[in-house]
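> Build me a model:
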Amino acid sequence: MPRTSRLRNRGDGAILVAAFSSAGRRYDTHWHTGHQLAWASSGILTVSSPDGTWVLPPTRALWIPANVEHAMDAVRHTTVCCPYFAADRGPGWAVPTVVAISPLARELILHLAGAEPPSARRRAESVLFDQLAPVPVTTIAVPMPRDPRALDVARAVIESPADDATLDIWARRTGTSIRTLARLFTTETGMSFGRWRTQVRLRAALPLLAEGLPVATAARRVGYATPSAFVAAFRKATGMSPGAY
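Residues are numbered from 1 along each chain as shown. Below is the predicted model:
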């Protein structure tokens, strides 16, 4: 349960401040009319959007542009501190962008959580924007099919990534031909069903690894028989090991 959770309004902006003790917290898919900087001053914050999934330690944050759908997961013992900005403010990035959080940026974000008039807030925001340096990352994207038949399968796989059902089994479960399902996944996600499910499993493993679970445990929970198979798939998708990611 959240230990504290509050949204402080400051005229032209606001900041979400939340701390979590024994349990984490999920913010289901939503969007904002302004920009958001998703950051945790302690612990680990995971952000997912149609563009990918990012695991953010306190040295990283994610700039989320206005009107971009996203969900957030905070593991236990995480303190979330997410400033919001007016839609006409900020660096102008059109897609979610990972940024490095320097000691000065950290203090500026915490400063924005305090009470101050709008004019002072805007000056602090401008200094913070100058501090936000993009960091190159490889995201784990899970594009969703649009056709209801494939979409039902996709949602079921995301709900239970460890389910080893083949596409043939899914076709029988949904009353759809295997050729149709295979075509829909390829044309609407740009991936074969097998590759798409791999992306789902790798994305599902990220919050588990962020919580500190051993690689073997995370691999098993998302459907891999051996840690080596999971690490190989992760490295193929991202170019690095789970630990380095």
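
> Bridging across strands, which residues link to the spatially most central residue of the chain?
The chain has residue 47 as the residue nearest its centroid, 2.0 Å off, counting by Cα atoms, centre = their mean. Beta bridges link residue 47 to residue 54, residue 72 when assigned by DSSP bridges.

> Tell me which helix or strand comes right after the longest helix seen in the chain.
Determined from DSSP state H, the single longest helix within the chain is helix 193-210. Remark: after helix 193-210, the chain's next helix or strand is helix 215-221, criterion DSSP states H and E.

> Flag every buried residue along the helix or strand following that next one.
Note on helix 215-221: by DSSP H and E, the next helix or strand toward the C-terminus is helix 227-238. The neighbour-count check on helix 227-238 (16 or more other Cβ atoms under 10 Å) flags 227, 230, 231, 233, 234, 237, 238 as buried. Just so you know, the C-beta spots here come from the backbone N, C-alpha and C atoms, and that holds for glycine as well.

> In contact with the second one, which residues?
The contact partners of residue 230, by Cβ atoms under 8 Å, 6 or more residues apart in numbering, come to 205, 215, 218, 219, 222, 224, 242.

> Swap in 10 Å and give it another go.
Each residue near residue 230 by Cβ atoms under 10 Å, 6 or more residues apart in numbering is listed here: 198, 201-202, 205, 215-216, 218-220, 222-224, 242.

> how about the helices in this structure?
Under the criterion DSSP H, helices of the chain are mapped to 103-112, 118-131, 148-159, 167-174, 178-189, 193-210, 215-221, 227-238.

> Dump the ones you listed to CSV, plus mean pLDDT.
As requested, the helices of the chain are arranged in CSV below (pLDDT from 0 to 100):
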stretch, mean pLDDT
helix 103-112, 92
helix 118-131, 89
helix 148-159, 95
helix 167-174, 94
helix 178-189, 96
helix 193-210, 91
helix 215-221, 95
helix 227-238, 93
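
> looking at these, which is buried most?
Sort those by mean neighbour count, taking mean count of other Cβ atoms under 10 Å, and helix 193-210 sits at the top with a mean of 21.

> quick one: that helix to helix 227-238, angle?
Here the directions of helix 193-210 and helix 227-238 differ by 110 degrees (axes from the mean of the first three to the mean of the last three Cα atoms, to 10 degrees).

> and the angle for helix 193-210 with helix 148-159?
Angular relation of helix 193-210 and helix 148-159 on a 0 to 180 degree scale: 30 degrees, by the same axes, to 10 degrees.

> Of all pairs in the contacts of residue 230, which one is the farthest apart?
Largest separation among those by Cβ to Cβ: 198 and 216, giving 18.0 Å.

> on that earlier part again, export the contacts of residue 230 to a markdown table and tack on distance to residue 167?
Formatted as a markdown table, the contacts of residue 230 follow (distance: Cβ to Cβ, whole Å):
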| residue | distance to residue 167 |
| --- | --- |
| 198 | 13 |
| 201 | 15 |
| 202 | 19 |
| 205 | 22 |
| 215 | 27 |
| 216 | 27 |
| 218 | 25 |
| 219 | 22 |
| 220 | 23 |
| 222 | 18 |
| 223 | 15 |
| 224 | 18 |
| 242 | 27 |
